Structures are given as C-alpha cells and as structure tokens.
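K.L.:
model this:
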Amino acid sequence: MSVVDVREKIPILKENSPRLVLGHIMRAGSISRADIARQTGLHRSTITRIVSALLAEGFVEEVGEGDIELGRRPVMLQLAADSVHVIGIAIESTFVAGVVANLNAQIREKVQVPLQDSSRDAVMDNVYFVIDSLLEGARKQGFSVLGIGVAMHGIVNSDQGISVFAPAIEWRDEPLAANIQSRYRLPVRMENNANAMALGEWWFGNGQTVENVLAVKVGSTIGSGVILGGRLFPGTDYSAGEIGHLTVLPGGPRCKCGNLGCLETVASTDAILKRGRELLQKGEAPSLMEYAPGEPGRLNFQSLYQATLAHDPIALRLWEEGAAYLGLALSYTINILNPAKVLIGGDIFPVLDYILPKVRETVGIQVIQTLKNHLRLEPVGLGQDSVTIGAATLLLQDIFELPKANGWDRT
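P.N.:
Residues are numbered from 1 along each chain as shown. Alright, predicted model coming up:
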C-alpha cells in the first residue's frame, strides 16, 4: 500500500518545529511562549514565528494570561482542539466500533455495531457502515476528517496495513488499509488492537510521560501492547505482546493456538463465562441461577456483570480465579520488561474493581522486589474507548513531536 501521510493535508506540519511546539502545548494543556522556548531550546523569535503561523491556521488559540510574580503576565496558549478531526475504528471479534476524535482525542461522534456474520463481505459491510456513519455525523457538525486509523484484532503488519491473521473471522493477508484508503481517499493507518490501545494510553491516557508501559487488553482474547523507551515495540514479526499465550496452567485446557494452559484459556472473558456455565450445569452455582434463569448457556458477560455488582459469591470467585492467572502472566512479563506502568483494559474494564486487588496481590508476590520500586498497576485511563481512541491516535501522532524520552518522568 502506498502510505498517504496526513501531514500532506497540513503543509505547516511538514516541518518538525511546529509539531514540536504543538506537542508541548498538547502535553501542557496551556503554556506560554516563553515556557515553550525554554522547554524546546528554540529561540524566542522562532517560537513567535511558529506560534503566529499556528494561530493563523487555527491550530492553537490564546486563552488569557498566566500567573507571574514580577513583570508582564504571559499570554497562554492551548490547542484549538476542534481544528483537526480523525476517525478511529476498532474491528473486534464480536463488534465494530468507531469514533470521530479531535486534536485532544476527545470523542465527537461514536458508532458501534455487532458482528453477527464473520464472513469477509459482512465484516467489511459493517466497517464501511461505521465509517460512513461517522463521516456523516462529522459532516453534520461541520467537521472535516483528515484520516482513518484502524485497530484490528490478531496479527497486523502495521507497515503495509495488512491483517496477517485475524483468528475470529479467519482472515489471512487481507489488505484492509488499502481497501479503506481506496474507498475513502483518506490517509489510513492500521495497527493491532492491543498496540493501538497502548499507543492511545501513552499519548492521551494513563501512560502519558512514562517511558515504559505495558497495556493489557482482556476480552474474549488477551493481548498486550508494549511501549519501550517511548516507542511502540511491535516485535520482529509484528507479534510482540502475545501475553495471552503464556502458559499459566501446565496441562490445562487446550488453546486455539494449540498449546495447553495458555492465559486465554483461563482468564479471558470467554474462559470465565465457560467456567460459570459449567458450574451452573453441575448445580454448583445456585446463586447464579437467577442471572441465567432456566439455562446455563444464557449466562453472558452482562448477566455475570450484574451478578458481580450484587456481590454474588460465585461471580466474585470466578473473577478472582481469572485474576490470579492474569497476575501470574503479568509477573512473568514484568520481570522481563520492567515497565513503570501496567495498564489493563478491554471488555474486562467494567469489572476491574473486582479483579485488580487479586492481580496486585499476585504481582506483589511474584515480581522481583527491585522491579516493584516504580511499578504501578492501573486501569486504562481512556476506559472502554481506549482501543478506538488508540486507533485515532495512529493519525494524531503524525501531527505532534514530543520531548525526548530521557526528559520524561520515570514514575
């Protein structure tokens, strides 16, 4: 695929210096020209020229005066967030979701549809429906869209925009980004969904200013995105972060990958629901019966979630068992990568309050003591929109330049 750069649509951003200034404004929220000059090392006259151009193009705006002890109060700058809009699409195993996001990754439009047919044509019809709906919503609000970011489950060749293998819909070597780019004549970026989530968190969520981040996406499958030294680490074959296929239960259930006892077989939402249905069938979960009346197979994530909110003991036990395995897999990964933050999101997000205590307990036991000094384990900051915002970030990151990694906070 011939990659179209979103910066081709914004000539002023072809140079690094304006993007660096935008990056500092984005990170600060509001900042003065003098502080930008101090932080970037650029001459004040250069900052004045760049800011004037960004103001004229509508990318930044002046927002009053800042505080200063002596002398003239500085005029503060912030992003004109709605000057730029991009689309982020998440193609998951059971649904397609999308957002229109602005320069600050704030959502201006949102659409989600279930995937009821996994055939190629049906999936693409859903993808096009979501994009068409988002474009129409943006048009009604007077927004023009500069590009489309796509987060896809499975293995993704992000350089060429190819879905190498998507197990849930049995795609192999599908040129998805090229197909979307050809239809909409817009720049398209594509990445694995867990990687996109990690990227979104690093730019706009709970991973900001942290050099080394592990973002774990837990749903019907489990994967992770790895940020090392302020860069997304894809691996040699675009397969880094396959935490779902770490063995946590030797001799356990057979995984779709062919191995036994993978994390996905015991801690994914599918695995936890399967265990709950088995307990119901055996008559060992009577308190759960009211959430799956008359038929164990009717126990789904929403009904188990309702049982969890009611503090049903079986529901809580199911999540705790899965959390112990998740904590074990995270411990292995933390001991290798030494991240400063581990962020957990995905379909599991609504029940994280019931999962994190056991995960933290297990990590506290299993991780080498010296690696816990700066370690924090938290939910994703972008919530259930973390993947779609991450997909949008694939475009937004082309607009900003950020400070070098060795200048960031290490907490």
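
K.L.:
partner strands of the helix or strand of the chain with the lowest mean pLDDT, parallel or antiparallel?
P.N.:
One helix or strand of the chain scores below all others by mean pLDDT, DSSP states H and E: strand 60-65, with a mean of 87. For strand 60-65, the paired strands and their directions (DSSP bridges) are strand 75-79 (antiparallel).

K.L.:
for the stretch 101-250 of the chain, which segments count as helices?
P.N.:
120-140, 176-184, 193-204 (DSSP state H, counting those that start in this stretch).

K.L.:
residue nearest the centroid of the protein?
P.N.:
In the chain, the residue lying closest to the centroid (Cα atoms, centre = their mean) is Met197, at 1.4 Å.

K.L.:
correct me if wrong: it contacts Asp385.
P.N.:
No - taking contacts as Cβ atoms under 8 Å, Met197 lies outside contact range of Asp385: 9.9 Å. All C-beta spots, glycine's among them, are computed from the backbone N, C-alpha and C.

K.L.:
sorry, back to before: which one of the helices of the stretch 101-250 of the chain lies nearest to Met26?
P.N.:
Closest to Met26 of the helices of the stretch 101-250 of the chain is helix 193-204 (Cβ to Cβ; 8.5 Å).

K.L.:
can you name every helix or strand that that closest one contacts?
P.N.:
On a contact count with 3 or more Cβ pairs under 8 Å, 6 or more residues apart in numbering; DSSP states H and E, helix 193-204 meets strand 85-91, strand 148-152, strand 213-218, strand 222-228, strand 231-232, strand 341-345, helix 386-396.

K.L.:
give the rounded mean pLDDT of it.
P.N.:
Mean pLDDT, helix 193-204: 96.

K.L.:
contacting residues for Asn193?
P.N.:
Neighbouring residues of Asn193 by Cβ atoms under 8 Å, 6 or more residues apart in numbering: 90-92, 151-153, 217, 223, 387, 390.

K.L.:
how close does the closest residue to it other than its chain neighbours get to Glu8?
P.N.:
Spatially, and ignoring its direct neighbours in sequence, Asn193 is nearest to Ala151 (4.3 Å; Cβ to Cβ, 6 or more residues apart in numbering). Distance, Ala151 to Glu8, using Cβ to Cβ, to the nearest Å: 23 Å.

K.L.:
in terms of neighbours, single out the busier of the two.
P.N.:
Ala151 (33 against 12; other Cβ atoms under 10 Å).

K.L.:
if I look at that one, how far off is Val96?
P.N.:
Using Cβ to Cβ, one gets 10 Å for the distance from Ala151 to Val96.

K.L.:
which residues do the two both contact?
P.N.:
Residues touching both Ala151 and Val96 (Cβ under 8 Å, 6+ apart) are 89-90.

K.L.:
hang on, the earlier thing: and the helices and strands packed on helix 193-204 as CSV, adding distance to Asn373 and mean pLDDT?
P.N.:
As requested, the helices and strands packed on helix 193-204 are arranged in CSV below (distance: least, Cβ to Cβ, whole Å; pLDDT from 0 to 100):
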stretch, distance to Asn373, mean pLDDT
strand 85-91, 35, 97
strand 148-152, 33, 97
strand 213-218, 16, 98
strand 222-228, 18, 96
strand 231-232, 23, 92
strand 341-345, 13, 98
helix 386-396, 27, 96
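
K.L.:
so which of those gets nearest Ser303?
P.N.:
Closest to Ser303 of the helices and strands packed on helix 193-204, according to Cβ to Cβ: strand 213-218, at 18.5 Å.
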